[in-house]
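Trainee: pasting a predicted model and its sequence here:
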Amino acid sequence: MTKSKAKAARADGRKRIARQPSIKDIAKLAKVSHPTVSRALQNSPLVNPRTAEKIRKIANDAGYRASAVARGLVTRRTQTIGLAVTTVADPFTSEVVSGIEQTANDHGYSVFLADSNADPGREQRVVQAFAERRVDGIIVTSSRVGALYLPLLSEMMVPIILVNNQHPGAFVHSVMVCNLEGSRAAASHLVKLGHRRIAYVGDQFGYQSDAERLAGYREALDAAKIRFVPQLVVHGDGKPEAGVRAMDTLLALAKPPTAVCCYNDMTALGVMRSIRKHGMRVPRDISVTGFDDLFLAAYTDPPLTTVRQPMRRMGQLAMENLIRLMSGETSNVRIKVAAELIVRESTAKVKK
């Protein structure tokens, strides 16, 4: 075969494999073995540099793209993580997810996102599906069933990070804000304004985060020697509608509260609506605090006093920690980030 004919044959071969070339196709064009092509494309030092450069050029010209599935069979890594969220409609979740996705992309990971719709059973099925799909790791925001992952993940050895919740275990780590300290700061702020009858509207599904925020509220009362009144604690579900119902209940008491600490900003929206519905004003009649400092907190009427969580940073920390775990490195079981009280116009001195 003449040089011109050989060149034409190679060109014809490239045409035939232009759509979906394989390692075998590249090996034929480069006139080397399949393993040599595989090593060259993985930058193995076992292949002569000139040969490797030639193979990579042929592969590039032919439009070869490595198969993630095939690569996963070799490395036993899929470069994917599963991310289960309570609801994508929650502004808190969207900020955390942004931090997770940015960090994942920076490290070459793809993210599978699933919405559990705050349903514990659905969340468990989502996480199990992630594990069965052989994701390299899992992140769950505001988990409802963290403890139930332990048997499953211990068996499959899939590292998991809980954001805004925690549960100890060999494969379960967490990233949380300092809930107790943040809530205590909000309640102490109300105490300093002269309030003595302070209510707490929590989240019945909050588990660890709700328990810590309730504990912070109680610590502030204890420090001021204010008697704890069980009737002033009502639990919703972290959404505005439940906040309305919870505040309706508190306002029906013979002696309603003069201030309310809310589990989150979304609850505070509902609480403030209920107060207006009953012909009262915030903070003239009742002061209100939230927790999260969502973007909307500065735009409520009046602007909401709240506890700031560094939500995007929490997402970044969760992904960074997961990457360490997936790489076999040791990492902190519990990461806590500082909370900051942001005082706005929804709180004022108690009305005499």
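Mentor: Cool, the structure landed.
Trainee: was I right to think residue 26 contacts residue 37?
Mentor: Yes - if you go by C-beta atoms under 8 Å, residue 26 and residue 37 touch, sitting 5.0 Å apart. Where you see a C-beta, it was placed from the backbone N, CA and C, and this is true even at glycine.
Trainee: residue 117: neighbouring residues, count only.
Mentor: By the criterion of other C-beta atoms under 10 Å, residue 117 has 13 neighbours.
Trainee: try residue 102
Mentor: The burial count for residue 102: 14, using other C-beta under 10 Å.
Trainee: let me see the contact set for the closest residue to it other than its chain neighbours.
Mentor: Spatially, and ignoring its direct neighbours in sequence, residue 102 is nearest to residue 316 (7.0 Å; C-beta to C-beta, 6 or more residues apart in numbering). Residues in contact with residue 316, defined by C-beta atoms under 8 Å, 6 or more residues apart in numbering, are 99, 100, 102, 103.
Trainee: okay, the second one: pLDDT?
Mentor: Each residue has a pLDDT score; the one for residue 100 is 95.
Trainee: which of the three states applies to it?
Mentor: helix (DSSP: H, G, I helix; E, B strand; the rest coil).
Trainee: that one: how many residues sit nearby?
Mentor: Neighbours of residue 100 using other C-beta under 10 Å come to 29.
Trainee: list the contacts for it?
Mentor: Residue 100 touches 83, 111, 139, 315, 316, 318, 319, counting by C-beta under 8 Å, 6+ apart.
Trainee: switch to 7 Å and redo it
Mentor: By C-beta atoms under 7 Å, 6 or more residues apart in numbering, the residues touching residue 100 are 83, 111, 139, 315, 318, 319.
Trainee: flag every buried residue along stretch 95-109.
Mentor: Buried residues in stretch 95-109, counted by 16 or more other C-beta atoms under 10 Å: 95, 96, 97, 99, 100, 101, 103, 104, 109.
Trainee: what's downstream of the worst-scoring helix or strand of the chain on mean pLDDT, the next helix or strand?
Mentor: The helix or strand of the chain with the poorest confidence is helix 68-75; it has a mean of 48 (mean pLDDT, DSSP states H and E). Per DSSP states H and E, the first helix or strand lying C-terminal to helix 68-75 is strand 80-85.
Trainee: for that following strand, packing partners?
Mentor: Applying 3 or more C-beta pairs under 7 Å, 6 or more residues apart in numbering; DSSP states H and E, one finds that strand 80-85 contacts helix 91-106, strand 110-115, helix 120-132, strand 137-141.
Trainee: note down every partner strand of that strand and its orientation.
Mentor: Applying DSSP bridges, strand 80-85 is found paired with strand 110-115 (parallel), strand 137-141 (parallel).
Trainee: give the rounded mean pLDDT of that strand.
Mentor: Computed over strand 80-85, the average pLDDT equals 91.
Trainee: go on, stretch 343-352?
Mentor: 93.
Trainee: can you give me the buried ones in that stretch?
Mentor: Here stretch 343-352 shows 344, 346, 347, 348, 350 as buried, counting by 16+ other C-beta under 10 Å.
Trainee: got the contact list for it?
Mentor: Counting by C-beta under 7 Å, 6+ apart, 189-190, 193-195, 258, 282-285, 287-289, 298, 302-305 sit against stretch 343-352.
Trainee: using neighbour counts, pick out the buried residues of the helix or strand hosting the residue nearest to residue 102.
Mentor: In this assignment (DSSP H and E), residue 316 forms part of helix 311-326. Of the residues in helix 311-326, those buried by neighbour count under the rule 16+ other C-beta under 10 Å are 311-312, 314-323, 325-326.
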